[in-house]
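Chemist: Any chance you could fold what I've pasted below:
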Amino acid sequence: MNTLLLICYFAITGWALASIIFHGSRPTKSISWVLAVLALPFAGPLLYYLFGVNRRKFKLFKLKQTQKRKLYDRRSQEFYNREEFLEEFDSKQSKKLSKLIYKNSFMSAYSGNQIEVLSEGRRTFDSIFKAIDSAEKFIHLQYYIIEKGELVDELYELLKKKINEGVEVRMIYDSFGSSQFRGKVIKRFKNIGVKAHSIMPLRFGNLLFTLNYRNHRKIVIVDGHTGFTGGVNFSDKYIKNTDDLGIWNDFHLKIQGPVVNSLHRIFIKDYHFSGEENLLLQKKYLPDIASHGDDIVQIVASGPDSQHPAVMQQYLAMIHSAEHSIYIENPYFIPGIAILEALKIAAMSGVNVSLLVPKKSDSILARLSMFSQFEQLLAVGVAIYLRPNFSHAKVIVIDDHIASVGSGNFDYRSFEHNFEANALLYDQKLAKEIVTQFKEHCVDKVRLDYETFKNRGRLQKFLEGLARFFSPLL
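Modeler: Below you'll find the predicted structure:
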């Protein structure tokens, strides 16, 4: 029996080490997995198989769902004709960034949009509910987290009303993030006519392939002409105290104009991926949209089945192109060496770099790992602020001119493992509006001092260093 276990151990460990060597995407991440595999007999290889296999390398080719995505891509090319359209920018900076996003996300920048920045929970949901109440044809919703509570009850009553009026309602949600949205809760929505599907459900047979890959997007589309996206999940955390983190803060966008079609294309592909209905590639759902304003917007889409890590490339390109200022607000700032070095280079080159993160976090490991990187950033002049209440916002603004609001965090999970959606705003007025709110929370009393932070306790440094070891795996 001991000999058999020993043979199994060497075989499994050998497979894991070979896979890491042949398919590892980055040395730091590979070293972390090698240590985990060697230090944790059997458990290490299992964890690697669940969370470490470079599925971007394998493209998830064997998954039935991925074949559906490929089939969708072929059909959608015929529908969209994929004609390259790039907004004519005066700025070389904007032109270069928009071309990158077109190449890695196949989404163009469109003018003629009207954007409303939403940064307070109750106001955000009031705006979403008002748009839903105005629907005449269809309502499409997509969320990473849908939790039981007041907001879901309010949504239920509103959708029931609209379905009775003849409006079509479709909903997709992440099966892991929306763990509360199952059983009697989801049945309640389906009973009134909501066509609801979970994305990558955690079921026997596909668990090992889907557990580490989540759909983190937050999208609402009403009648094809009004859309919402950003960082806000469907949770009461945004409207009342539910834990010691207080009321969550976040940025969200209401979008009206031609770029809504780009946002809707993401929903349609994900819905095709999760459900059996293949009828959404029609003019009924993707109508021609008249101009609603002067804002230029481009949608960024990224996922583990993408050819390129679009969100990471977007953030890195924005940092490299900044000439005067960079403002970043993010709850999980664990970006990796490339972005850390880019920020250090920017700060040392005279660019004003400011980072705003929450003082408290819903993940102790993520907070420790995040703080482990601050000393090197403070040393080169990056201003780091701790927001007293929990901020869930995912924002980056460069030169008070280009802003990004969306679902993508500054961590490996968003860069490689999650399906994400960001909105790039090429508009000085909107960028300054976001920066103004950013600065309101950056008061001196919550700014980290380099000398004080450098002299923090040895235990704290040890815990941060230990957490940093796991950062490539988060």
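
Chemist: which residues in the stretch 51-200 of the chain form strands?
Modeler: Ranges of strands within the stretch 51-200 of the chain are 109-118, 138-143, 168-174, 195-199, based on DSSP state E, counting those that start in this stretch.

Chemist: Double-check residue 317 against residue 100; I have them as touching.
Modeler: Yes - when contacts are counted by C-beta atoms under 8 Å, residue 317 is listed as touching residue 100 (5.4 Å). Every residue, glycine included, has its C-beta placed from N, CA and C.

Chemist: Give the full set of residues in contact with residue 317.
Modeler: 96-97, 100 (C-beta atoms under 8 Å, 6 or more residues apart in numbering).

Chemist: Any of the residues you listed buried? List them.
Modeler: Neighbour counting over these (16 or more other C-beta atoms under 10 Å) leaves 97, 100 as the buried ones.

Chemist: Can you redo the contacts of residue 317 as CSV, where the extra columns are pLDDT?
Modeler: Below are the contacts of residue 317 laid out as CSV (pLDDT from 0 to 100):
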residue, pLDDT
96, 94
97, 96
100, 95
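
Chemist: My guess is residue 263 contacts residue 218. True?
Modeler: No - look at residue 263 against residue 218 with C-beta under 8 Å: they stay out of range, at 10.7 Å.

Chemist: Which one of these two is surrounded by more residues?
Modeler: Set side by side, residue 263 and residue 218 show more neighbours around residue 263, with 26 against 23, by other C-beta atoms under 10 Å.

Chemist: Skipping its backbone neighbours, what lies nearest residue 326 in space?
Modeler: Nearest residue to residue 326, sequence neighbours excluded (C-beta to C-beta, 6 or more residues apart in numbering): residue 353, at 4.7 Å.

Chemist: Under a three-state scheme, what state does that neighbour occupy?
Modeler: Following DSSP: H, G, I helix; E, B strand; the rest coil, we place residue 353 in the strand state.

Chemist: tally of neighbours for it?
Modeler: Close neighbours of residue 353, defined as other C-beta under 10 Å, add up to 24.

Chemist: The one 3 residues further on now?
Modeler: A total of 24 residues lie near residue 356 under the criterion other C-beta under 10 Å.

Chemist: Are we agreed that it is in a strand?
Modeler: Yes - according to three-state DSSP, residue 356 belongs to a strand.

Chemist: Tell me how many other residues surround the residue lying closest to it once chain neighbours are set aside.
Modeler: If the residues on either side of it in the chain are set aside, residue 356 comes closest to residue 329, at 4.3 Å by C-beta to C-beta, 6+ apart. Burial of residue 329 is recorded as 30 neighbouring residues (other C-beta under 10 Å).

Chemist: Use 23 as the first number for this chain going forward.
Modeler: Yes, from this point I'll number from 23; that puts the last item at residue 351.

Chemist: need the contact list for residue 351.
Modeler: Here residue 351 is in contact with 273, 377-379, 413, 415-418, 460 (criterion: C-beta under 8 Å, 6+ apart).

Chemist: do that again at 6 Å, thanks
Modeler: 378, 415, 417, 460 (C-beta atoms under 6 Å, 6 or more residues apart in numbering).

Chemist: Filter the residues you listed down to the ones in strands?
Modeler: Judged by DSSP state E, the contacts of residue 351 include 378, 417 as members of strands.

Chemist: Just the buried ones among the contacts of residue 351, please.
Modeler: 378, 415, 417, 460.

Chemist: could you pull out the helices for the stretch 73-222 of the chain?
Modeler: 77-80, 86-102, 114-127, 143-155, 172-186, 206-213 (DSSP state H, counting those that start in this stretch).

Chemist: So which of these is nearest residue 437?
Modeler: helix 77-80 (10.2 Å; C-beta to C-beta).

Chemist: Check the average confidence over that closest one, would you?
Modeler: Helix 77-80 carries an average pLDDT of 50.

Chemist: so where is the stretch 73-222 of the chain shaky, pLDDT-wise?
Modeler: Within the stretch 73-222 of the chain, the segments meeting pLDDT under 70 span 73-109.

Chemist: Swap in 50 and give it another go.
Modeler: 80-86, 100, 104-105 (pLDDT under 50).

Chemist: Show me the contact partners of the host helix or strand of residue 387.
Modeler: Secondary-structure assignment from DSSP states H and E places residue 387 in helix 386-393. Applying C-beta under 6 Å, 6+ apart, the contact partners of helix 386-393 are 354-356, 383, 485-486, 489-490, 493.

Chemist: What of stretch 152-166?
Modeler: Identification of contacts with stretch 152-166 by C-beta under 6 Å, 6+ apart yields 180, 184, 189-196, 199, 238-245, 248, 255-256, 289.

Chemist: buried residues in it?
Modeler: Result for stretch 152-166 [16+ other C-beta under 10 Å]: buried residues 153-154, 157, 160-166.

Chemist: and those, which two are the farthest apart?
Modeler: Maximum distance among those (C-beta to C-beta): 22.4 Å, for 157 and 166.

Chemist: ok so, going back, any idea which helix or strand comes after the helix holding residue 387?
Modeler: helix 396-401.

Chemist: I'd like the next helix or strand past that next one.
Modeler: Next along from helix 396-401, by DSSP H and E: strand 405-409.

Chemist: for that next one, the distance to its chain's centre please.
Modeler: 22 Å (C-alpha atoms, centre = their mean, to the nearest Å).

Chemist: Let me know the angle separating that strand from strand 374-380.
Modeler: Here the directions of strand 405-409 and strand 374-380 differ by 20 degrees (axes from the mean of the first three to the mean of the last three C-alpha atoms, to 10 degrees).

Chemist: Now strand 405-409 - C-alpha only, CSV.
Modeler: Extracted in CSV, the C-alpha atoms of strand 405-409 (Å, rounded to 0.1, in the frame of the first residue of the first chain):
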residue,chain,number,x,y,z
ALA,A,405,0.9,58.8,-3.1
ILE,A,406,-1.1,56.0,-1.4
TYR,A,407,-4.4,56.8,0.4
LEU,A,408,-6.5,54.6,2.6
ARG,A,409,-10.2,55.1,2.3
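
Chemist: Can you name every helix or strand that it contacts?
Modeler: strand 374-380 (3 or more C-beta pairs under 6 Å, 6 or more residues apart in numbering; DSSP states H and E).

Chemist: how much does the strand it packs on deviate in direction from helix 386-393?
Modeler: 160 degrees.

Chemist: per-residue confidence averaged over strand 374-380?
Modeler: Averaged across strand 374-380, the pLDDT comes to 95.

Chemist: buried set for that strand?
Modeler: Result for strand 374-380 [16+ other C-beta under 10 Å]: buried residues 375-380.

Chemist: Just send those back as JSON lines, with distance to residue 388 too.
Modeler: Shown next, in JSON lines, are those (distance: C-beta to C-beta, whole Å):
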{"residue": "375", "distance to residue 388": "21"}
{"residue": "376", "distance to residue 388": "20"}
{"residue": "377", "distance to residue 388": "15"}
{"residue": "378", "distance to residue 388": "16"}
{"residue": "379", "distance to residue 388": "10"}
{"residue": "380", "distance to residue 388": "10"}
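
Chemist: Please consider this matter closed, and thank you.
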